[in-house]
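Trainee: show me the folded form of this:
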Amino acid sequence: MPTPYAELHCRSNFSFLTGASHPQELVARALALGYSALALTDEGSLGGVVRAHEEAKQCGLHLVVGARMSLQAAAPSKGGAVAEEADAPPWARLVVLVQERRGYGNLAQWITVARRRAPKGQYWAYGSDLEGKVPHLPQLAGLPGCLALLVVEPHPGDTVALPSFEAVFARAMWLKTWLKPPTLGRAVAAGRPGAHRGLGGALRVLAG
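Mentor: As a prediction, this is how the structure comes out:
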């Protein structure tokens, strides 16, 4: 009997210019491939969850609600150049998976905050949001009720080179400080297969 498999990092066409398939198509395909579960993790959005949920409920596949969040380390200081900060490469990328109703509320609230502070069609999420520094929303500290996975990817435009071990180590230690187990999950290395096995293995030790 094959080992059960669940895809925990999947984007639909609700991730503009990134995903191509409708959420319900992804659910149907996951079922056809024999997956035990599928996590829908669109970029800074829960927009495809309803369609995916309806399809998953109909076909009997376990659906995990989540989102992929690209974040900067901290919000720009007063008088700082917000546009320049937003255009900078992400400091870290997280796949956030909902574990309970409270977690869904916290993730939805975080996405709302991130989109309200940015121009339409964008979102600005900061690592400091998860340190409890969003005004009037201290409950976002540590993102209770969610599981966070650190995603390690090549630099933009580079299909091979990953961030340095030191850079990834710093992000893993930050996550371990603010998102303690069981909120903090293991690292996920993404990119060209085989190009990051050593780094991915090290991250599983550091952040697991």
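
Trainee: and Y126, backbone torsions?
Mentor: phi -130, psi 150 (degrees, to the nearest 10).

Trainee: quick thing: my sequence starts at 650, can you match it?
Mentor: Got it, the first residue is 650 from now on, which makes the last one we talked about Y775.

Trainee: tell me the pLDDT at it?
Mentor: Here, the pLDDT recorded for Y775 equals 94.

Trainee: quick one, strands of the protein?
Mentor: Assigned by DSSP state E, the strands in the chain fall at 655-659, 686-692, 711-721, 741-747, 774-775, 795-801, 837-838.

Trainee: who does the first one touch, helix- and strand-wise?
Mentor: When contacts are defined as 3 or more CB pairs under 8 Å, 6 or more residues apart in numbering; DSSP states H and E, strand 655-659 sits against strand 686-692, strand 711-721, strand 741-747, strand 795-801. In short, each C-beta sits where N, CA and C put it, glycine included.

Trainee: nearest spatial neighbour of the residue nearest the centre of the chain, skipping sequence neighbours?
Mentor: Nearest to the mean C-alpha position of the chain, by CA atoms, centre = their mean, lies V744 at 2.0 Å. Leaving aside its chain neighbours, V744 sits nearest to L798 (4.3 Å; criterion: CB to CB, 6 or more residues apart in numbering).

Trainee: ok, that neighbour touching L746?
Mentor: Yes - between L798 and L746 there is a contact at 7.1 Å, judged by CB atoms under 8 Å.

Trainee: if the residue nearest to H658 when sequence neighbours are not counted is in a bridge, with which residues?
Mentor: Nearest non-adjacent residue to H658, counting by CB to CB, 6+ apart: V744, 5.1 Å away. V744 has the following beta-bridge partners by DSSP bridges: R717, L798.

Trainee: quick one, grab the pLDDT at L824.
Mentor: 81.

Trainee: so what's the residue count around it?
Mentor: Look at L824: counted by other CB atoms under 10 Å, it has 23 neighbours.

Trainee: quick one: least confident helix or strand in this protein?
Mentor: helix 846-856 (a mean of 41; mean pLDDT, DSSP states H and E).

Trainee: what's the neighbour count on the residue nearest to V744?
Mentor: Per other CB under 10 Å, the neighbour tally for L798 reads 22.

Trainee: check the gap between it and L792 for me.
Mentor: L798 sits 12 Å away from L792, taking CB to CB, to the nearest Å as the criterion.

Trainee: so, low pLDDT: which residues of this structure?
Mentor: For the chain, applying pLDDT under 70 flags the ranges 650-651, 722-737, 803-812, 829-857.
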